[in-house]
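S.K.: Using only what follows, build the 3D model:
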Amino acid sequence: MIRTLPFLLLMLLSAVYGARAATAQSQTDVPSSTLSAFSDPTHTVSESLGGFTYDFSIPGWPSGWTIQGLSPNILGVVGGRTSYDDLFSGRPRYDLVPTQLHTAPQLSHAPGRSAVEAHFGSRPFLSPEPLTEGTYWSSNRGLKSVRIVHAQQRIWQRLPDAASGGASLLDAPGTPPDSLAQDDVAPDTSTVVAPTETIPPSLSPPVVANMLFSYHGIAATGEYPGSKVARGRQLAIQFAVERGPLRVGVAESFNRRSVGAHGGVNPPVFLRLGASVRDASAVRETRRNDLTLFGSYELAQFRPLEVALTWSTATERYTTTADTIEARSRRIAWDIAQPIVVRRDTKIPLTASVIVRGARDAIASTRGFGGLPASSLIDTTTDATAGAWFAGLGGDVQVGTSLSARVSAGVENAFGRGIATGTGPAGSAEIIVDVAPLSFQASLATTLDRARLVHATGYGEYLSSAVREVDAGRTTTGALTSAVQWRTVRLSLTGFATRSADAIDFFATDVPDSVAVMQVPGTSRTVGASAELNWRADAAKGVYLNARGTLMGRPSTPDGLGGTTAVAWREVIPDWHVAGQVGFRRSMFEGDLIGDFALRARAWPAFGGRDLHPQTGLLVVPAASSNSRVPASGTLDFVVEAKVRVATLWVAFENFLSGTQALEGNLLVPGYPLEEQRLRFGVNWPIRG
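M.R.: Numbering: from 1, shown residues only. Reported below is the predicted structural model:
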């Protein structure tokens, strides 16, 4: 870490003084991203009002996120066109999302995929010249992380050649059309923007090519034995071509992860010196490949028809000195959307969309090694498949500037062999009323619960299933938000309710490392409220403040759950949790450097929490006999962010009270303490040309 300091200081000084000599560039030309002092995607998602993170604080570890009391295992995560849920277990794989390619996530309802998903939209990369961006992180806990992105766009235009009577080709970089920006699964309803130069009517449309390359490598040692991130590699390539109304492209994403999977720190858990863990040699490995073919075609009087087809394969392996178990899965997913302008009236425009999406997962092969034969480790006789599809209509309407509504409705089908299946209505509705200084938003959504391959096959002696051939459950969510803006102060209040019918969840048993997946007959309801206060949040200089908190009601107990298991079920989320930051921004070096100095904090009360199942990475309801709990605590971070023209540097001193006389330690998952007094350094630097 000491060797890193001179490198970062040199970069800071060269950026400050070199920027003055460089050609001035507008900062708006640099595409925004989710990169921040909290670079883990779960931290980014948890900033959503009502969100809470089951945090390990170790890069690559299976941190989970929940909102409004929903199970973290049923939420989805999407990056661009790709759904990054685990093909075998279904848990969201935030560690596989190439965040360097995406903007901050938006929460949405996606029947056919998940009840609620965090959708990381793709960055547009609208640079008129090639762009290379590098991001480097390091810490005093052995973290080394490097992200590289390179994007460029070319335009080929056939020009008249008066001398020969033929034509010539013009090959030049240019600003890509909006439709060539790497977009997400939602249809691109924007009007296609012509290239930089106006094309004479006599010329044929240009051929526009957009190329994107990304690499991410990460390694970390962690504080405890068995916590090491030994290998983290991520490669993404995308190529798209557009000519006139037609656009086609291909995207490839490859991930490889090898992460320590110890079974928890032995008491006393906050003692770092001489600490021991259970199964220190355990390792959980992932190899995953996602190949997407996408295209669009703009039909007459219609907006572009968007089509995406994704083929995914994944291998999950858990290894200890005594045994190894592996599952290989594959998926084919499709997403089709056709927006139709129903009414072009400028006062009340109305757009409708035909939506068809879905996915089918299947077991490719399974095998086990060690003391038990493969047939007794995992059930391969079911020929398991699992999937879901949704077909329906969506609509958007805008009434003046104060009222807007968005509705989708259709039929959802959960299908497969040896799992929960069903067919029923699904959809969502959202209404927004904005009459300054007040605004109101109401939303309601309902989806079927999608079953997963692990529900049918189990995972050898580590996971057993009792949900084969049952009816799929249903999740319904509703929320009402009101907000008021007064000068530089904005206050928003949200009341929410969730209803889970015949929910499927994972329950730890009294046998170590053993989990049972069960469907809980009956209905569970949860209500709560969240509030957020922003003061001078967008101020260019001076003090600013953000504070948010959530108050949760205990979920009602389903009829099919009782005794101590019901108690554990009701305590998986805290009764309340708060987070926020207070900071100070200042411009220095005649505006070449903008500094942001902030204290970030979060706090929670004592609660039962969810246990980690090391073999699958799932967060499960603790066993009825478990005495482990999450103690009341909090974290405090000091973060400095320096923006030097287009470059950004970070210094973060995280959880700095932990390990002191004021605070022995803290954790959010029983048996897995948060890293204490972690010092992180980072730099993000886009280079043009």
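
S.K.: the strands in the stretch 301-450 of the chain, which residues?
M.R.: For the stretch 301-450 of the chain, the strands defined by DSSP state E, counting those that start in this stretch cover 305-319, 323-343, 350-370, 385-399, 403-417, 422-435, 438-448.

S.K.: Which of the ones you listed sits closest to G69?
M.R.: G69 sits nearest to strand 438-448 of all the strands of the stretch 301-450 of the chain, at 14.7 Å, using C-beta to C-beta. (Glycine included, C-beta is placed from N, CA and C.)

S.K.: Tell me which strands the closest one pairs with, and in which orientation.
M.R.: Looking at strand 438-448 with DSSP bridges, its partner strands are strand 422-435 (antiparallel), strand 474-486 (antiparallel).

S.K.: Report the angle between that strand and strand 385-399.
M.R.: Here the directions of strand 438-448 and strand 385-399 differ by 150 degrees (axes from the mean of the first three to the mean of the last three C-alpha atoms, to 10 degrees).

S.K.: what helices or strands is the very next helix or strand once past strand 438-448 leaning on?
M.R.: Later in the chain than strand 438-448, the nearest helix or strand by DSSP states H and E is helix 453-457. Counting contacts by 3 or more C-beta pairs under 8 Å, 6 or more residues apart in numbering; DSSP states H and E, helix 453-457 is packed against strand 323-343, strand 350-370, strand 385-399, strand 463-465.

S.K.: Would you mind finding the most buried of the ones you listed?
M.R.: strand 463-465 (a mean of 22; mean count of other C-beta atoms under 10 Å).

S.K.: Tell me which other helices or strands it touches.
M.R.: Looks like strand 463-465 contacts helix 453-457, strand 515-535 (3+ C-beta pairs under 8 Å, 6+ apart).

S.K.: Would you mind finding the most buried of those?
M.R.: Ranked by mean neighbours (mean count of other C-beta under 10 Å), the helices and strands packed on strand 463-465 are led by helix 453-457, with a mean of 27.

S.K.: Alpha carbons only: can I get that one in CSV?
M.R.: Taking Å, rounded to 0.1, in the frame of the first residue of the first chain, the C-alpha atoms of helix 453-457 are listed here in CSV:
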residue,chain,number,x,y,z
LEU,A,453,-32.9,-25.6,-11.2
VAL,A,454,-31.6,-26.1,-7.7
HIS,A,455,-35.2,-26.6,-6.5
ALA,A,456,-35.5,-29.7,-8.6
THR,A,457,-32.0,-31.2,-8.3
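
S.K.: residues making contact with that helix?
M.R.: By C-beta atoms under 8 Å, 6 or more residues apart in numbering, the surrounding residues in contact with helix 453-457 are 87-90, 327, 329, 361-363, 366, 378-380, 382, 384-386, 416-420, 463, 465, 467-468, 504, 517, 616.

S.K.: how does it look with 6 Å?
M.R.: Residues outside helix 453-457 that contact it (C-beta atoms under 6 Å, 6 or more residues apart in numbering): 88-89, 329, 361, 363, 378-379, 382, 384, 386, 418-419, 465, 467, 517.

S.K.: Can you show me the helices along the stretch 551-689 of the chain?
M.R.: For the stretch 551-689 of the chain, applying DSSP state H, counting those that start in this stretch gives helices covering 563-570.

S.K.: those strands in it, which residues are they?
M.R.: Taking DSSP E, counting those that start in this stretch to define them, one finds strands in the stretch 551-689 of the chain at 576-588, 593-604, 611-613, 618-620, 633-644, 647-654, 667-669, 672-673, 678-688.

S.K.: Can you say which of those strands is nearest to I355?
M.R.: With C-beta to C-beta, the closest approach to I355 among these belongs to strand 618-620: 30.0 Å.

S.K.: What strands flank the closest one, and is each parallel or antiparallel?
M.R.: Next to strand 618-620 in the sheet, as set by DSSP bridges, lie strand 611-613 (antiparallel).

S.K.: next one: the partner strand to chain centre, how far?
M.R.: In terms of C-alpha atoms, centre = their mean, to the nearest Å, the centre of strand 611-613 is set 20 Å apart from its chain centre.

S.K.: so can I have a markdown table of the strands of the stretch 301-450 of the chain showing distance to G217 and mean pLDDT?
M.R.: Output for those, formatted as a markdown table (distance: least, C-beta to C-beta, whole Å; pLDDT from 0 to 100):
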| stretch | distance to G217 | mean pLDDT |
| --- | --- | --- |
| strand 305-319 | 20 | 95 |
| strand 323-343 | 24 | 89 |
| strand 350-370 | 27 | 83 |
| strand 385-399 | 32 | 93 |
| strand 403-417 | 36 | 94 |
| strand 422-435 | 38 | 96 |
| strand 438-448 | 37 | 96 |
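
S.K.: Please report phi then psi for T44.
M.R.: phi -60, psi -40 (degrees, to the nearest 10).

S.K.: now the one 4 residues further on
M.R.: Backbone torsions of S48, given as degrees, to the nearest 10, read phi -70, psi 140.

S.K.: What number of residues are in the vicinity of it?
M.R.: When neighbours are defined as other C-beta atoms under 10 Å, S48 has 20 of them.

S.K.: And it, how close does it get to A414?
M.R.: Computed as C-beta to C-beta, to the nearest Å, the S48 to A414 distance reads 26 Å.

S.K.: So V397 is in contact with A405, correct?
M.R.: Yes - contact between V397 and A405 holds when scored by C-beta atoms under 6 Å: they sit 5.2 Å apart.

S.K.: so how far is H109 from H43?
M.R.: 23 Å.
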